[in-house]
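Novice: Sharing a model that was predicted from the sequence below.
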Amino acid sequence: MGEVLSQSEIDNLLSALNSGELDVEDIQAADEKQVKNYDFKRPAKFSKEHLRTLEIIYEHYSRLLSTNLPVYLRKAVQVEVVTSETVTFSEFTNALSNPVVLGIVNFQPLGGSIIVELAANLAFAVIDRMLGGQGVPLEKNREFSEIEMTIIEKIMVVSMQLMREPWKNVAEITPVMDRIETNPQFAQVISPSDMIAIVTLSIKIGDVEGFMNVCLPYFTLESVMDRLNTKYWYSTMQEEYDESVAGVLEGMLKHVDVPIKVVLGNSRISVDDFIHLQVGDVIRLDSKVDSSLDVFVGNIKKFAALPGANMDSYAVKVTDIFREEEE
């Protein structure tokens, strides 16, 4: 049922129409529903929320690459997420150059595979660096040799294993490098019309900069699409921290070595006496033989103890514990 206007509202509306402040065509246009065109060839299977969550995942992945790759390349590596978008698989493959490094990764236990594209200039820079060079790419790209592909495969396998931790809040994955292709025609893992999400990473190795594209087909992520939202991602991250990280930190702290010292007593002597000390000389301390000794953990007094021996070693027996409120 439509809203009923009062007499004063009707008078104000008529006055606005007569004065020209309100146009009848504007009122009719406001009542019309806004229709958006929908392209059935490019169904919107990835929402902005999905893309944002993927960016968060690969921002974490970027930090892991920046930390781990320098161990193998012995050179500073900077990685950051640039963009994320959705396209059809055919648009992705048509934009690839030849040769190109395409890692086909089995995204177990999720169905299907993902594709990781590494720019050719970055691939040649990695090869040059691994073989003892300065990490300089070729002036003109060419086909990769078998030895060069073996080197690239090693780095790609290491990089793919690093994906496990960033995806942990969404799914427990075990990425396995299926194969590496240099020709886009041999990387047709899904239908050309299927939708994919592409997360683009900018990688800088020394002075060489290029891109790594992570191609994530909808078919592969379909079973976990409901988890690809920031609310779920942060909630699972908090649960994981509460349940496991605290326990890990506690376990690590238990294995930390801390210095412990027992103070037998104190004394003050002159510099001249100190210089002329000989074996057998006796220094009188300010503590008695049967008095408790202070035991320090680091620089904090934590225990009182009595001196003694354990087999052939000196030892102390703890007799009291100093609480924080007692210090």
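Specialist: Now that the structure is in, tell me what you want to look at. Residues are numbered from 1 along each chain as shown.

Novice: and Val71, which of the three is it?
Specialist: helix (DSSP: H, G, I helix; E, B strand; the rest coil).

Novice: residues near it, how many?
Specialist: 9 (other CB atoms under 10 Å). C-beta coordinates here come from the backbone N, C-alpha and C atoms, glycine included.

Novice: Pull the contacting residues for it.
Specialist: Listed by CB atoms under 8 Å, 6 or more residues apart in numbering, Val71 has no contact partners.

Novice: And it, how far from Val81?
Specialist: Between Val71 and Val81 the computed distance is 22 Å (CB to CB, to the nearest Å).

Novice: and the helix or strand hosting Leu253, what's its mean pLDDT?
Specialist: Leu253 is located in helix 246-254, with elements delineated by DSSP states H and E. Average pLDDT, helix 246-254: 74.

Novice: Residues contacting that helix, please?
Specialist: With CB under 8 Å, 6+ apart, helix 246-254 has no contacts at all.

Novice: Begin at 519 from now on, thanks
Specialist: With 519 as the first residue, the last one maps to helix 764-772.

Novice: Can you dump the C-alpha atoms of the next helix or strand after it in PDB for me?
Specialist: Sequence-wise, the next helix or strand downstream of helix 764-772 (DSSP H and E) is strand 778-781. What follows is strand 778-781, C-alpha atoms only, in PDB (Å, rounded to 0.1, in the frame of the first residue of the first chain):
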ATOM      1  CA  ILE A 778      71.600 -18.300  36.900                       C
ATOM      2  CA  LYS A 779      74.200 -17.200  39.400                       C
ATOM      3  CA  VAL A 780      74.600 -17.600  43.200                       C
ATOM      4  CA  VAL A 781      76.200 -14.800  45.200                       C
END
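
Novice: pLDDT of strand 778-781, averaged?
Specialist: Averaging pLDDT along strand 778-781 gives 88.

Novice: so what strands line up beside it?
Specialist: Strand 778-781 pairs in its sheet with strand 811-815 (antiparallel), by DSSP bridges.

Novice: ok, and what's touching the partner strand?
Specialist: Strand 811-815 has contacts (CB under 8 Å, 6+ apart) with 776-783, 805, 819-825, 834, 836.
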